[in-house]
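Visitor: A structural model of the following input is requested.
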Amino acid sequence: METVFRLESPRVIAGVARIVRDVGIAEELAQDALVAALEQWPRDGVPDNPGAWLMATARHRAVDLIRRRETYARKLREIGRDRTLSSPPPYDEPGDPDAIDDDLLRLVFTTCHPVLSPEARTALTLRLLGGLTTAEIARAHLVPEPTIAQRIVRAKRTLATKSIAFEVPCGPDREARLGSVLDVIYLIFNEGYAATAGDDLLRPGLCEDALRLARVLSALMPKEPEVHGLTALLEFQASRTAARTGPDGEPVLLKDQNRRRWNRMLIARGVQALDRAGATATGAPGRYALQAAIAACHAHAYTYEETDWRTIATLYGLLAARAPSPVVELNRAVAVAMADGPAEGLKLVDALAAAPALRDYHLLPSVRGDLLARLGRTAEARAEFGRAAGLARNDRERELLLRRAGEVPS
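Guide: Residues are numbered from 1 along each chain as shown. So this is what the prediction gives:
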């Protein structure tokens, strides 16, 4: 029953939110439907279509709630559903099992509305669309559970008090809002792919949730190239998960990974999504499509030595022009170092040393340490790896950096 509700709750919440126009109330009604299932299913048996049962139950409760409100007549005029509310239709299961109602798309855009802070968007999206509990979200972000609970409550209240429309925006507004949606999904995946802090390098559950949301969005918005670009990027990145850690959970560097453990099915899905991004694009590729193209270069190389670093460096140059960022420049420096030698890469890294955004970024001294070691400047390399370890908040990354410092020849 827990699995059914986790899978079906986003669809149920989305369907009910279209009636009540409030995601907080919609979530409560979906949970009421779960309570009803807990009471009835053990006695009457699990229905043939549990999701449809939950949807119908939650929608009937939504109708009852509206009827009890003093503003019932105004609500009827507002949403124009007199007959629908008088006799709610049963939930129609899509003929195609992969078909997704537009209500889910409305929910995605609502939880990622720019009126909310990025932290609130992420927490609310994980709660309503990812199906995670408050405790699970708190553990994922390594913050106290009450903090996450407050973020979610405030986010729901903000959406209600500001009367945010439960709709898919159109025109320029959609383009502006879509960026927020994609950014939140990407942040969720990254936190799972390389945990900011804590004992584990990976949090696979977060990667799975983000990838599922990206796939949902691809199905809902098939003509948006950047949606396919993000999906392709996450498919490629997720394909490496099994090879990124060793038997004891220790990080495994890209050059040392066993590529036979890369998931070829996910790589194939990434290629398909990247092709769709190219087919639907009308201009220059967006930042997610460019990142996906970079990931594809790694995916197509069956060994580390076969990696096309020159193409990767070129793609990073395009990405830097499309979405300037010190982190992008740092990644470009790595690619340049692999294509043209460590001395060329070190010039680019040293130029980033004063960037405020990288002041406490542990990967800057980590990259610099690697390049210095390759140039034979061992004492400087050890110092840089030690500095990187001091900045790392993830225990596994810190251990790796300290080990690399110890491996540099005297």
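Visitor: May I have the phi/psi pair for residue 408?
Guide: Phi and psi for residue 408, reported as degrees, to the nearest 10, are phi -70, psi 130.
Visitor: And residue 394, by the same measure?
Guide: Dihedral angles (degrees, to the nearest 10) for residue 394: phi -90, psi 130.
Visitor: again with residue 377
Guide: According to degrees, to the nearest 10, residue 377 has phi -90, psi 70.
Visitor: how close does it get to residue 390?
Guide: 20 Å (C-beta to C-beta, to the nearest Å). The way it works is simple: take the backbone N, C-alpha and C, and place the C-beta from them, glycine included.
Visitor: between those two, who's got more neighbours?
Guide: residue 377 (17 against 13; other C-beta atoms under 10 Å).
Visitor: And the pLDDT at that one?
Guide: Residue 377 carries a pLDDT score of 95 in this model.
Visitor: And residue 89, by the same measure?
Guide: 42.
Visitor: Ok, residue 178 next?
Guide: At residue 178, the model reports a pLDDT of 87.
Visitor: go on, residue 149?
Guide: 93.
Visitor: go on, residue 257?
Guide: So, for residue 257, pLDDT stands at 93.
Visitor: What's the local residue count around the closest residue to it other than its chain neighbours?
Guide: Leaving aside its chain neighbours, residue 257 sits nearest to residue 243 (4.1 Å; criterion: C-beta to C-beta, 6 or more residues apart in numbering). Counted by other C-beta under 10 Å, the residues lying close to residue 243 total 17.
Visitor: Does residue 243 touch residue 263 like I think?
Guide: No. In this structure residue 243 lies outside contact range of residue 263 using C-beta atoms under 8 Å: 9.1 Å.
Visitor: Quick one: low-confidence residue ranges for the stretch 101-250 of the chain.
Guide: Filtered on pLDDT under 70, the stretch 101-250 of the chain yields the residue ranges 101-102, 130, 139-142, 195-202.
Visitor: And the helices in it?
Guide: Using DSSP state H, counting those that start in this stretch, the helices of the stretch 101-250 of the chain run over 102-111, 118-128, 134-141, 145-161, 171-193, 204-220, 225-238.
Visitor: What are the buried residues along stretch 246-253?
Guide: Residues 251-252 are the ones in stretch 246-253 that count as buried (16 or more other C-beta atoms under 10 Å).
Visitor: Could you tell me the end-to-end distance of it?
Guide: With C-alpha to C-alpha, to the nearest Å as the measure, stretch 246-253 spans 10 Å from end to end.
Visitor: And for stretch 313-329?
Guide: Start-to-end, stretch 313-329 (C-alpha to C-alpha) is 10 Å.
Visitor: same deal with stretch 245-258?
Guide: OK, stretch 245-258 end separation, C-alpha to C-alpha: 10 Å.
Visitor: List just the one of the helices of the stretch 101-250 of the chain that sits closest to residue 369.
Guide: helix 171-193 (22.3 Å; C-beta to C-beta).
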